[in-house]
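A.B. asks: got a sequence here, can you build the structure:
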Amino acid sequence: MANIYLNEFDRFVKHQLKPLAYLRYGDDWLCFADKRVELEAMRAKSVTFLREELSLRVNPKIDYIRPAYRGVEYLGVQIWPSGRRLQLKPRQRVINRLQTSNASSYKALVAVHEKPRRLKSLNWRLMEIHNL
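C.D. replies: Residues are numbered from 1 along each chain as shown. Here you go, the predicted structure:
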């Protein structure tokens, strides 16, 4: 539903704001620009568009501008220019919920967002579960 409703916002961001990069999943979105001033202008225009065109408001608790080198948390993943990793809570959830039936999904998640040693650790954990 969010994809349909926010399609106009996607088009607005892409064609009007033209950020260096734009990510959206559901109602969570990120914009990237070279300068803070550009981002502040994009934020103001985005908030206005969402309010006036779509009757939506931005949650002030998660609306912030941050330098990319400090990293950003998005959809359970910590992202930096040099790489990414799962946040602590999702990582613990993977370990706690790991079973033979869901192992391939969790292994894929870990393989995409973590270093190879985390995948090895997950494989060992799976072998322990399988042997019990």
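
A.B. asks: so residue 85 belongs to a strand, correct?
C.D. replies: Yes: looking at residue 85 with DSSP: H, G, I helix; E, B strand; the rest coil, it is inside a strand.

A.B. asks: what's the neighbour count on it?
C.D. replies: 17 (other CB atoms under 10 Å). (Glycine included, C-beta is placed from N, CA and C.)

A.B. asks: the one 3 residues further on too?
C.D. replies: Residue crowding around residue 88 was assessed by other CB under 10 Å; the count is 10.

A.B. asks: same question for residue 106.
C.D. replies: Neighbour tally, residue 106, other CB under 10 Å: 19.

A.B. asks: for the one 3 residues further on, same thing?
C.D. replies: If you count neighbours by other CB under 10 Å, residue 109 ends up with 18.

A.B. asks: which residue sits closest to it, ignoring its sequence neighbours?
C.D. replies: Spatial nearest neighbour of residue 109, excluding adjacent residues (CB to CB, 6 or more residues apart in numbering): residue 94 at 6.6 Å.

A.B. asks: now do the strands in the protein.
C.D. replies: Here the chain has its strands, by DSSP state E, at 21-25, 28-32, 72-74, 77-80, 83-86.

A.B. asks: make CSV out of these and add distance to residue 55 and mean pLDDT.
C.D. replies: Formatted as CSV, those follow (distance: least, CB to CB, whole Å; pLDDT from 0 to 100):
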stretch, distance to residue 55, mean pLDDT
strand 21-25, 18, 93
strand 28-32, 17, 92
strand 72-74, 25, 89
strand 77-80, 30, 90
strand 83-86, 34, 91
